[in-house]
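Undergrad: Quick one: sequence and predicted model below, then my questions.
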Amino acid sequence: MKTYLSFVLLLTVVDKIFAGNGEYWNYEDHGPYTWSQTYPECAGWRQSPLNLDYFDVVYKKFPPFVFSSSFDRPHVFNLKNNGHTVVGELPTGMPRNEIPQLSGGDLPGIFRFTNFHLHWCVLLGESPSEGSEHTINHVHGAGEAHFVFTNEVTKQTAVFAFIITMLPEGESSAWEAYVHNAVKLIRHGTHTQFVGNLMKLMENGNYFRDFWRYNGSLTTPPCSEGIIWTIFSHHIIFSYNELQALSLNVLHKDFRPIQLRNNRVIYHSTLGNTADSLRYCFSWLRAMPTIFIIVIFLDF
Ligand SMILES: *[C@@H]1O[C@H](CO)[C@@H](O)[C@H](O)[C@H]1NC(C)=O
Ligand SMILES: [Zn+2]
């Protein structure tokens, strides 16, 4: 009995140390505030995530994104609990011309799909106060979906991010099948398969026109910089039960807190519609105090 107990204890310890493919980081005792001790880049000047808003941004017209047809086709994804999240990847032997491919939107070159994964947090009440990585006007969504793409020539990474909004039960989404499979991946290293369509996961009715763009980093160690972030205004909908099932079965939480902006430019795409022009008008309100001071100054 004693031997058995020590064995279990040893296994638990080993499991903790090597949680995440032998990488020494997590979201608990070796959480985000300690990462830079092992991964110096995590203390860099161009880190992610950031807070985003509609006022402290530069409005800019972006060319539309161009998606290859394989984006809107069902694919068999390998889902794996990598110790930090559940990551969805295409089979390694997949013919290159079938791998979904992205360009346009001022991305430098052609980017191929690499993986998708989520960030979330255990839900304590009906309205989430954390879970997403980026915040909008300092407000967190219940979670965040990341679609990671790689430019095979420059090795640069671009990420499409969608904030997850929680709706009451009864809503079913393209993510239902994902959750059904992902919640079985309780232990680190376990994997399963899931048939999904990337366009549907990014949701119909999303025209990929309304987004923020900035230069940041991976939100997990090694926190490498030079990542092109595109965060869409369009949210992805999950039900309370779907999110709760993920956080209770797989991981309690896996999001990194907001990082310093350090004078980085954040662009927001302009659509050329009324709502957007209004926002653009209001963005000038920021300048009001300055104008006011100048008026007072001229008065004397
Ligand atoms: C990101 O950095 C690159 C290289 O320095 C620069 O060309 C590009 O304009 C930057 N993009 C944004 C959104 O700041
Ligand atoms: Zn991510």
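TA: Received the coordinates, thanks. Ligands and ions are numbered 1, 2, ... in the order given.

Undergrad: Would you agree residue 213 falls within a strand?
TA: Yes. According to DSSP: H, G, I helix; E, B strand; the rest coil, residue 213 belongs to a strand.

Undergrad: Now for it, how many residues are close by?
TA: Residue 213 sits with 21 neighbouring residues when counted by other CB atoms under 10 Å. The C-beta positions use only the backbone N, C-alpha and C, and glycine is treated the same way.

Undergrad: Can you give me the neighbour number for residue 56?
TA: By the measure other CB under 10 Å, the count of residues near residue 56 is 13.

Undergrad: and it, how far is that from residue 151?
TA: The gap separating residue 56 from residue 151 is 29 Å, by CB to CB, to the nearest Å.

Undergrad: ditto for residue 110
TA: Where residue 151 is concerned, residue 110 sits at a distance of 7 Å (CB to CB).

Undergrad: who's in contact with residue 85?
TA: Taking CB atoms under 8 Å, 6 or more residues apart in numbering, we find residue 85 in contact with 117, 118, 119, 250, 251, 254.

Undergrad: switch the cut-off to 10 Å
TA: Contact analysis of residue 85 by CB atoms under 10 Å, 6 or more residues apart in numbering lists 20, 27, 115, 117-120, 146, 182, 185, 220, 246, 250-251, 254-255.

Undergrad: So which of these belong to strands?
TA: Mapping the contacts of residue 85 onto strands (DSSP state E) picks out 115, 117, 118, 119, 120, 146.

Undergrad: Please list which of those residues also come close to ligand 1.
TA: Contacts with ligand 1 within the ones in strands among the contacts of residue 85, counted by CB under 6 Å from any ligand atom: none were found.

Undergrad: and residue 153, how many neighbours does it have?
TA: Residue 153 has 9 nearby residues by other CB under 10 Å.

Undergrad: Quick check: closest non-adjacent residue to it.
TA: Of all residues not flanking residue 153 in the chain, residue 109 sits nearest, at 6.1 Å (CB to CB, 6 or more residues apart in numbering).

Undergrad: That neighbour against residue 66, yeah?
TA: No. Using CB atoms under 10 Å, residue 109 is not in contact with residue 66; the gap is 11.7 Å.

Undergrad: any shared contact partners between these two?
TA: Common neighbours of residue 109 and residue 66 (CB under 10 Å, 6+ apart) are 102, 103.

Undergrad: Distance of residue 149 relative to ligand 1?
TA: Residue 149 is 16 Å from ligand 1, where distance means CB to the nearest ligand atom, to the nearest Å.

Undergrad: Okay, and that residue sits in which element?
TA: Here residue 149 sits within strand 143-150, counting by DSSP states H and E.

Undergrad: Let me know how buried the closest residue to ligand 1 within the stretch 151-300 of the chain is, in neighbour terms.
TA: Residue nearest to ligand 1 within the stretch 151-300 of the chain: residue 215 (3.7 Å; CB to the nearest ligand atom). Residues lying near residue 215 (other CB under 10 Å) number 14.

Undergrad: cool, and residue 135?
TA: Neighbours around residue 135, by other CB under 10 Å: 19.

Undergrad: One more: the one 10 residues further on?
TA: Applying other CB under 10 Å, we find 25 residues neighbouring residue 145.

Undergrad: Now it: closest residue in space that isn't a chain neighbour?
TA: Closest residue to residue 145 apart from its sequence neighbours, by CB to CB, 6+ apart: residue 162 at 4.6 Å.

Undergrad: Need the per-residue pLDDT for the one you found.
TA: pLDDT for residue 162: 96.

Undergrad: now it, what's its secondary structure?
TA: strand.

Undergrad: which residues does it contact?
TA: Contacts of residue 162 by CB under 10 Å, 6+ apart are 118, 132, 134, 141, 143-147, 201-203, 206, 211, 230-237.
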